[in-house]
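In: Pasting a predicted model and its sequence here:
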Amino acid sequence: MRIKDHWREQRLFDQRALACAVLMGLATVGLVVRLFLLQVTRHDYYSDLSQGNRVRTEPIPAARGLILDRHGEEIAGNQPAYQLELVPEEVPDIDKTLASLVQIGLIRAEDVTELQRTIDSSRTFDSVPIRLRMSDEDVARFAVRRFEYPGLDIKTRQTRFYPNAALAVHALGYVGAISEQDLKHIDRNAYAGTSLIGKLGVESAYEHQLHGSNGFREVLVNAQGRSVERQGAFVPNLRTKAPTPGDDLLLSIDLKVQRAAESALAGHRGAVVALDPNNGDVIALVSMPGFDPTAFGRGITPAEYGVLSSDIDRPLFNRALRGTYPPGSTVKPAIALAGLTYHVVDPTAHKYCNGSFHLPGSSRVFREYHNEKHGWVDLDDAIARSCDVYFYGLADVLGVDRISTFMAPFGFGKITGIDIGGEKAGILPSREWKAKTFAKPADKMWFPGETVNFGIGQGYLTVTPIELAHYASLIATRGKGWKPRLVSAYRDHAGKMHAVPPVAEAAVGGIADEDWARVLHGMIGVTQRGTAAAIGLHAPYVFAGKTGTAQVFTVAQNEKYNASKIDERLRDHSWFIAFAPADAPRIALAVLEENGGAGASAAAPIARKVLDAYLLDAEGKVKPQP
């Protein structure tokens, strides 16, 4: 029979009790140490963290800088607007919330997918705009159901305002909602609380200067993320930092001249670019038709964008910077300068124009425009009356190599470098260019007939309107060039004005003064007794110009061009370049009217209105030199 060992049991119990006591002691020590770390050592850290759960830092977006014309007239400004914003981490079900907002008419169903992408690419604590420019009715509709939407709130923001609607839109550009692609290359902290970013033109090119620097304010919020004045006995010491507004930009554009140019070109497709030949300032930059940039700032609908993008007249296309066209006879002054510089032409010798030109040994006929016959003409007459036959022969004597080399310093075939993006270069053809451009060996060879067409601005040669205005400016200054610019000064947040210095280009050298004078005399003759005499004879100032008519398609050898029998969009383009006053130029310009026909009848009258708007005062007298 086994006898119970009380002593052994007591010893086992004591050992277990000791082990438990040791474990409890260690746990107590650990707890005390942890409490000491939390309450004493890291008190400040956890105190700040706890306050962060009820004190939220909200960005204060900086006011976007104004854009003004050269006289201080506002082109782009700001106005207050309500917008609906969402903080992703405070919304229980984003998909359900967006669907509900569609049902009550606060967002469009077609915008939901893009909104979801934008929300997904944003940080969870960022406030994401989901509806811009809410009307009073929209605000009221949300306010009565606000309790149903945790994480959503209406904010008062500044939005972009364009008081002149479509005026100068292709120079100005526009702002639009920050997209998923924009978020990949911007500083998100700098754009926190901001819903708009520059997309084109000055708005985009000078985004950094216009945007400014955000401020912030600390706001006490409740569990739903709504701002409150206090929570129980807790009254925080809330901090605020004011934002720094963006710089105001002073453009070189003269809105009076811009309005005159757009009014003169209204109802037609085309472009006008006017420059100050003495510093490169862009006085007017027109591309017609245009569009109202306000729609992009408030959030353009797919239907609205579809109408713009599918319009056959392409209102979104910047013809002034990106449209490439044959320059027609506007290149004749450069061809004349080349002939004089290379000493292959006697400017006083007369040549007979019977309306057609033949290359030696060729049966192909190169005709005069509208089969005109100018009779005996010298270089001066050939420029003034735009004699194709004279320049066919001159181009043939010069040859493509000398023509291409001579025209390059005038800016043909390259961008001007204007201070906004999107510019496209025209084509300056050469033997090397053709050999690289075409694939078939037979097409790589340069033919004499192509040189002949080159001499009157047809064939492979293409230009943009700004390129041609820059060329006119170089002739006006006898080769002294400036890079075109839209922004001439800026005003910082302290109100101090800072001038932006013009950028000089390499001068066109190697041309004798008497040769410049001869060509200038011929261009004055264009407006006094030549193709544009109708707009120049009675002007209160003397100006130089050159008409140009560029073929859209080639007329067969046995056919005659008849504008009334062909589609309107296949008719000739109308060009005119000019600078004034001729003896001390203050403005140089290029005017293009697509499918307008003869340069003298379509583009030239538009140019005269632009020149008058810039040079004449209210009494019709020439303004004094500034």
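Out: Cool, the structure landed.
In: going forward, measure contacts and count neighbours with C-alpha atoms only.
Out: Noted.
In: Excluding sequence neighbours, find me the nearest residue to Leu616.
Out: Val622 (4.5 Å; Cα to Cα, 6 or more residues apart in numbering).
In: so where is the protein shaky, pLDDT-wise?
Out: Flagging of the chain using pLDDT under 70 yields the residue ranges 1-4, 44-54, 221-236, 553-566.
In: Please name the nearest non-neighbouring residue to the residue most central in space within it.
Out: For the chain, the residue nearest the mean C-alpha position is Gly201 (2.0 Å; Cα atoms, centre = their mean). Leaving aside its sequence neighbours, Gly201 sits nearest to Gly173 (Cα to Cα, 6+ apart; 4.0 Å).
In: Could you report the neighbour count for the one you found?
Out: Counted with other Cα atoms under 10 Å, residues neighbouring Gly173 total 19.
In: quick one: contacts for Ala242?
Out: Under the criterion of Cα atoms under 8 Å, 6 or more residues apart in numbering, the contact partners of Ala242 comprise 60, 214-216.
In: just Lys444 next, same as before
Out: Lys444 makes contact with 434-438, according to Cα under 8 Å, 6+ apart.
In: Can you list which of those are found in helices?
Out: Those of the contacts of Lys444 mapping onto helices are 434-437, per DSSP state H.
In: which of those residues are buried?
Out: Ala435 (16 or more other Cα atoms under 10 Å).
In: in the stretch 501-626 of the chain, which spans are helices?
Out: 513-528, 533-536, 603-615 (DSSP state H, counting those that start in this stretch).
In: Can you tell me which of these is most buried?
Out: The highest mean neighbour count among the helices of the stretch 501-626 of the chain belongs to helix 603-615 (a mean of 23), with neighbours defined as mean count of other Cα atoms under 10 Å.
In: so what does that helix touch, helix or strand wise?
Out: When contacts are defined as 3 or more Cα pairs under 8 Å, 6 or more residues apart in numbering; DSSP states H and E, helix 603-615 sits against helix 255-265, helix 533-536, strand 573-580, strand 587-593.
In: one more time with 10 Å, if that's ok
Out: helix 255-265, strand 270-275, strand 282-288, helix 533-536, strand 544-550, strand 573-580, strand 587-593 (3 or more Cα pairs under 10 Å, 6 or more residues apart in numbering; DSSP states H and E).
In: Now do the first one against helix 603-615: the angle between them, please.
Out: Meaning helix 255-265. Relative orientation of helix 255-265 versus helix 603-615 (axes from the mean of the first three to the mean of the last three Cα atoms, to 10 degrees): 160 degrees.
In: Please save the CA atoms from helix 255-265 in PDB.
Out: What follows is helix 255-265 as a C-alpha-only set of coordinates in PDB (Å, rounded to 0.1, in the frame of the first residue of the first chain):
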ATOM      1  CA  LEU A 255      -4.700  92.500 -76.800                       C
ATOM      2  CA  LYS A 256      -5.800  95.400 -79.100                       C
ATOM      3  CA  VAL A 257      -3.800  94.000 -81.900                       C
ATOM      4  CA  GLN A 258      -4.800  90.400 -81.000                       C
ATOM      5  CA  ARG A 259      -8.500  91.400 -81.200                       C
ATOM      6  CA  ALA A 260      -8.000  93.100 -84.500                       C
ATOM      7  CA  ALA A 261      -6.200  90.100 -86.000                       C
ATOM      8  CA  GLU A 262      -8.800  87.600 -84.800                       C
ATOM      9  CA  SER A 263     -11.600  89.800 -85.900                       C
ATOM     10  CA  ALA A 264     -10.100  90.200 -89.400                       C
ATOM     11  CA  LEU A 265      -9.600  86.400 -89.700                       C
END
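In: Now do it against strand 270-275, angle only.
Out: Computed by the same axes, to 10 degrees, the angle between helix 255-265 and strand 270-275 is 150 degrees.
In: residues of helix 255-265 that come out buried?
Out: Buried residues in helix 255-265, counting neighbours by 16+ other Cα under 10 Å, are found at 255-262, 264-265.
In: List just the nearest of the residues you listed to Leu468.
Out: Comparing the buried residues of helix 255-265 against Leu468 with Cα to Cα places Ala261 closest, at 16.6 Å.
In: how close does the residue nearest to the closest one when sequence neighbours are not counted get to Ala284?
Out: What sits nearest to Ala261 in space, not counting adjacent residues and going by Cα to Cα, 6+ apart, is Val610, at 5.6 Å. Look at Val610 and Ala284: by Cα to Cα, to the nearest Å, they are 9 Å apart.
In: just Leu86 next, same as before
Out: According to Cα to Cα, Leu86 stands 42 Å off from Ala284.
In: With neighbour numbers in mind, choose between the two.
Out: Under the neighbour definition other Cα under 10 Å, Leu86 and Ala284 were set side by side, and Ala284 has more, 27 against 24.
In: who's in contact with the more buried one?
Out: Shown in contact with Ala284 (Cα atoms under 10 Å, 6 or more residues apart in numbering): 168, 171, 252-262, 272-276, 486, 589, 610, 614.
In: do that again at 7 Å, thanks
Out: For Ala284, the contacting residues are 253-254, 257-258, 273-274, taking Cα atoms under 7 Å, 6 or more residues apart in numbering as the criterion.
In: With Asp14 instead?
Out: Residues in contact with Asp14, defined by Cα under 7 Å, 6+ apart, are absent; none qualify.
In: check which helix or strand covers it.
Out: helix 6-36 (DSSP states H and E).
In: try Gly176
Out: Gly176 is part of strand 175-177, with elements assigned from DSSP H and E.
In: Show me what counts as buried in that strand.
Out: Residues of strand 175-177 classed as buried by neighbour count (16+ other Cα under 10 Å): 175-177.
In: which of those residues lies closest to Ala600?
Out: Proximity of these to Ala600 (Cα to Cα) peaks at Val175, which lies at 38.4 Å.
In: Quick check: that closest one touching Gly198?
Out: Yes: if you go by Cα atoms under 7 Å, Val175 and Gly198 touch, sitting 4.2 Å apart.
In: Would you work out how far apart the start and end of stretch 396-409 are?
Out: For stretch 396-409, the separation between the terminal residues is 21 Å (Cα to Cα).
In: Ok, stretch 497-512 next?
Out: 41 Å.
In: do the same with stretch 402-417
Out: Separation of the first and last residues of stretch 402-417 by Cα to Cα is 25 Å.
In: And the helices in the stretch 1-150 of the chain, which stretches?
Out: Counting by DSSP H, counting those that start in this stretch, the stretch 1-150 of the chain has these helices, from start to end: 6-36, 43-52, 94-103, 112-121, 136-143.
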